[in-house]
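In: Could you work out the structure for the sequence below:
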Amino acid sequence: MESVVTQPAFAADKVSLFKVITAKDEIVIGISEGDLAQMEGNAGGIAKALVAKGSMSVWRYAVHKSASGDLEQAPLHKIGLIASDSLRVEPYATPLKVLPIDESKR
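Out: Next up, the predicted model:
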């Protein structure tokens with residue numbers, strides 16, 4: 001039996017991707033290296049921070065096509081997460097290029 005360990009995908013400026021799963025749906029979020037360091041640097045730390053704060057703002061990521069036609073993970077827009085008992089946060093691995101967060105698009 002093989003064991004597969006997934007690591008979050010990283011962009012050039014160290015954006016980590018995570019999948020947030022609720023009873024209704026799942027989304028992919030990106031968190032910058034600096035913000036992630038304040039949350040223990042892992043999915044468990046994100047979950048703890050969310051429960052402690054009750055809510056938090058993060059960047060939602062989605063697959064889009066670049067100008068050259070390649071698929072890549074790109075920040076879509078900033079969203080708010082609300083703590084919930086049915087919430088799970090886990091690392092999200094992708095073979096695609098992960099674009100950095102552009103804070104000017106808030």
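In: Can you tell me which helices and strands the helix or strand Arg60 falls within packs against?
Out: If you go by DSSP states H and E, Arg60 is part of strand 55-65. Packing contacts for strand 55-65, counted by 3 or more CB pairs under 8 Å, 6 or more residues apart in numbering; DSSP states H and E, involve strand 26-32, strand 71-82. All C-beta spots, glycine's among them, are computed from the backbone N, C-alpha and C.
In: and it, which strands flank it?
Out: In the sheet, strand 55-65 lines up against strand 26-32 (antiparallel), strand 71-82 (antiparallel) (DSSP bridges).
In: What is the longest helix anywhere in the chain packed up against?
Out: In the chain, assigned by DSSP state H, the helix with the most residues is helix 43-53. When contacts are defined as 3+ CB pairs under 8 Å, 6+ apart, helix 43-53 sits against strand 88-91.
In: Contacts for the strand it packs on next, please.
Out: With contact meaning CB atoms under 8 Å, 6 or more residues apart in numbering, strand 88-91 is reached by 6-8, 16-22, 42-44, 46-47, 50.
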